[in-house]
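# Model the structure of this input:
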Amino acid sequence: MPTVLFTQRTAHLARHAGQVSFPGGRLDENDPSLVETALRETREETGIGPSFISIAGFLDAYETGTGFAILPVVGLLTGGFSLVPAAHEVAEIFEVPLAFLLDAANCERQTAEWQGATREFYLFRYERHHIWGATAAIVVNLRERLCQ
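Next up is the predicted model:
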C-alpha cells in the first residue's frame with residue numbers, strides 16, 4: 001500500500017513549531033537546483049539518502065500566508081533506507097496511506113482568524129496528527145493531479 005511520508009517539527013523551532021510538514025527547506029547557495037535542495041533537506045531531516053529517491057516531478061508552486069514560496073518536489077522512495085530524524089528539527093517521522101489522502105471525504109475546510117483576517121485552510125486528521133495549512137494544500141494539489 002503506497003504511503004506519504006511526513007515530518008512533525010519540534011516544538012522549540014522559531015517558525016512552524018510542532019507542525020506537520022514534508023521534508024524540505026530553503027535553497028542554499030551551494031545547491032545547484034531545487035531538486036538538489038529537496039534531496040539535501042530530505043537527507044538532513046530524515047536520514048534518507050538520494051540513492052533511495054526517484055524524482056517524479058513537481059507540483060504547483062504554493063505561496064504561504066507568511067510569505068514563503070514553495071515548489072513541491074515529488075519523490076518516490078525505494079526500500080532499504082533507515083530513518084534518522086534530525087533531533088533539533090524533527091520530532092517524528094510518520095506515514096499516511098495515500099488512499100486516505102486521496103479520499104476527499106478525509107479533507108476538511110477550516111477557517112481561523114490570523115492577523116486580523118479570516119483565513120481558510122485544508123485539514124486532514126489522521127490518527128493523532130493534524131495535517132493542515134501549506135502541507136495540506138500541497139496534498140490537495142497532489143490529489144488533484146492524481147485523480148484527474
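
# any idea how far the most centrally placed residue in the chain is from residue 7?
Nearest to the geometric centre of the chain sits residue 22, at 2.2 Å (Cα atoms, centre = their mean). Separation of residue 22 from residue 7 (Cβ to Cβ, to the nearest Å): 7 Å. From N, CA and C alone the C-beta is placed, and that goes for glycine too.

# List the residues that contact residue 141.
Applying Cβ atoms under 8 Å, 6 or more residues apart in numbering to residue 141 gives the contacts 59, 60, 62, 72.

# And for the last one, the neighbour number?
Right, the one you point to is residue 72. 21 (other Cβ atoms under 10 Å).

# ok, residue 64 touching residue 136?
No: checked against Cβ atoms under 8 Å, the pair residue 64 and residue 136 is beyond contact range at 11.8 Å.

# between these two, which one's more packed in?
residue 136 (21 against 12).

# SS state for that one?
At residue 136, secondary structure determined by DSSP: H, G, I helix; E, B strand; the rest coil is helix.

# got a list of what the residue nearest to it when sequence neighbours are not counted touches?
Spatially, and ignoring its direct neighbours in sequence, residue 136 is nearest to residue 122 (3.7 Å; Cβ to Cβ, 6 or more residues apart in numbering). Contacts of residue 122 were listed using Cβ under 8 Å, 6+ apart, and they are 107, 108, 109, 110, 132, 133, 136, 137, 139, 140.
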